[in-house]
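1. Fold the following and give me the result.
(one chain, ligands or ions: 1)
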Amino acid sequence: MSIREVLDKNGLRCTRQREVIYEALAATKAHPTAEELFSSVRSVEPGLSLATVYNTLDALTACGLVRRLPCPSGACRFDAATHDHVHLSTSDGRIVDAPEDLSDRLLSGIPAEVIAELEQRMGVRVRGLALQVVTGTAPPCSTPERRIGG
Ligand SMILES: [Zn+2]
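-> Numbers count the residues shown, from 1 in each chain. Below you'll find the predicted structure:
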């Protein structure tokens with residue numbers, strides 16, 4: 001399906017700028033901020049403003065084509081991969097996708113009855129799951145200590 005068809009199907013008029021922004025986001029796994037996306041598309045689309053990038057990301061998010069990822073520190077990041085998957089938030093501020101098999105195992109471990117109760121108690125409809133795992137620095141190598149002559 002072309003980007004034009006994807007936008008049409010989701011009720012968004014396909015403008016060149018929307019096309020360029022969505023295409024750039026869909027082509028990366030780096031979960032860029034609006035500013036990072038703006039930097040990467042500016043060379044392709046020189047007339048583009050940061051405000052247009054924000055407005056386009058809002059429109060794409062509202063129609064479900066893009067996910068906005070909450071970031072504990074700093075600006076929101078965006079993802080064109082809207083299927084349920086797990087993110088790792090790294091100590092250096094990046095967000096990376098967990099391996100798909102581990103992602104599926106983690107998400108399938110969330111009990112359906114808890115989701116149902118969440119919907120009921122919060123009065124919402126859960127459209128998808130986006131688990132974000134926060135990581136620290138790698139643990140030190142755990143080489144067993146050897147004692148000589150002990
Ligand atoms: Zn992702």
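2. Pick out the residue closest to the middle of the protein.
-> residue 79 (3.6 Å; Cα atoms, centre = their mean).
3. and stretch 128-135, is it in reach of the ion?
-> No - if you take Cβ under 5 Å from the ion as the test, stretch 128-135 misses the ion, and the best it gets is 8.1 Å. For every residue, glycine as well, the C-beta is placed using N, CA and C.
4. For residue 100, see how far away residue 64 is.
-> According to Cβ to Cβ, to the nearest Å, residue 64 and residue 100 sit 21 Å apart.
5. I meant to write residue 110 there.
-> Plainly put, residue 110 is 16 Å away from residue 100 if you go by Cβ to Cβ.
6. Also residue 66?
-> Going from residue 66 to residue 100 by Cβ to Cβ gives 20 Å.
7. and what of residue 6?
-> 22 Å.
8. cool, and residue 57?
-> Going from residue 57 to residue 100 by Cβ to Cβ gives 25 Å.
9. more neighbours, these two?
-> Between residue 57 and residue 100, counting by other Cβ atoms under 10 Å, residue 57 is the more crowded of the two (24 against 11).
10. is it true that residue 20 lies in a strand?
-> No - applying DSSP: H, G, I helix; E, B strand; the rest coil, one finds residue 20 to be helix, outside a strand.
11. Who are the contact partners of the nearest residue to it once chain neighbours are set aside?
-> Spatial nearest neighbour of residue 20, excluding adjacent residues (Cβ to Cβ, 6 or more residues apart in numbering): residue 45 at 4.8 Å. Counting by Cβ atoms under 8 Å, 6 or more residues apart in numbering, residue 45 touches 16-17, 20.
12. Name only those of these that count as buried.
-> Buried residues within those, counting neighbours by 16 or more other Cβ atoms under 10 Å: 17, 20.
13. In TSV: the contacts of residue 45, plus distance to residue 119 and pLDDT.
-> TSV is the format used below for the contacts of residue 45 (distance: Cβ to Cβ, whole Å; pLDDT from 0 to 100):
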residue	distance to residue 119	pLDDT
16	39	87
17	36	89
20	37	92
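14. can I get the contacts of residue 45 in JSON lines with distance to residue 106?
-> Output for those, formatted as JSON lines (distance: Cβ to Cβ, whole Å):
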{"residue": "16", "distance to residue 106": "39"}
{"residue": "17", "distance to residue 106": "36"}
{"residue": "20", "distance to residue 106": "34"}
